[in-house]
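Engineer: Sequence and predicted structure, then a few things I'm wondering about:
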Amino acid sequence: MVRMGFNFHPAFRGTGGRVTHVAADLRHIRIRLPLNWRTRNIVGSLYGGSLFAITDGAHPMMLMAALGDAYVVWDKAASIRYRRPGLSTLYADFVLTDEEMADVRSELAKRPELERTYQIELKDVQGVVHAVVERTVYIADKYYYRQKSGGGDNS
């Protein structure tokens, strides 16, 4: 269902990317971005906007699933570094390890909010990195977040 949700959502669908794998525990997602007429730029390589856009939302969704309803998770910042033109299909893997989740839970036990930065490499089928996207995610206790943002006890 998660894979279909991503693939049919209009904002994600417009990137040209497709989710090809979602682990049952939502700790690994793989996205495929083919080079085709929809994703090709004026010089014949993958459009940078598609490379950037396929990385949007995966980590927040995975973190929300892992942490549950007691937390809010937002994308906060992002940047992309191009290493070489994407002249073929590229893949992005999003992984949340047990160690990462233990660290997130440990930090949240010490303070009500935190930021985590994740690097996503966009690779071809041979494993060559063509771009690296860095995404910073904000995570906070939902009650704390509502108080901080002036929402009080409202949902």
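Structural biologist: Good, I have the coordinates.
Engineer: Spell out the residue ranges of the helices in the chain.
Structural biologist: For the chain, the helices defined by DSSP state H cover 2-8, 10-13, 48-53, 58-67, 98-110, 142-148.
Engineer: These: which one's closest to Val129?
Structural biologist: Ranking those by their distance to Val129 (criterion: Cβ to Cβ) puts helix 48-53 first, at 11.6 Å. Quick note: C-beta positions are derived from backbone N, CA and C, even for glycine.
Engineer: what's the pLDDT at Phe7?
Structural biologist: That one is not Phe; residue 7 is Asn. Asn7 carries a pLDDT score of 58 in this model.
Engineer: State the distance from Arg111 to Pro85.
Structural biologist: Per Cβ to Cβ, to the nearest Å, Arg111 is found 42 Å from Pro85.
Engineer: Neighbour count for these two, which is higher?
Structural biologist: Remark: of Arg111 and Pro85, Pro85 carries more neighbours, 15 against 10, as counted by other Cβ atoms under 10 Å.
Engineer: From Arg30, how far out is the residue nearest to that one when sequence neighbours are not counted?
Structural biologist: Distance criterion Cβ to Cβ, 6 or more residues apart in numbering; nearest residue to Pro85, sequence neighbours excluded, is Ser45 at 3.7 Å. Separation of Ser45 from Arg30 (Cβ to Cβ) stands at 21 Å.
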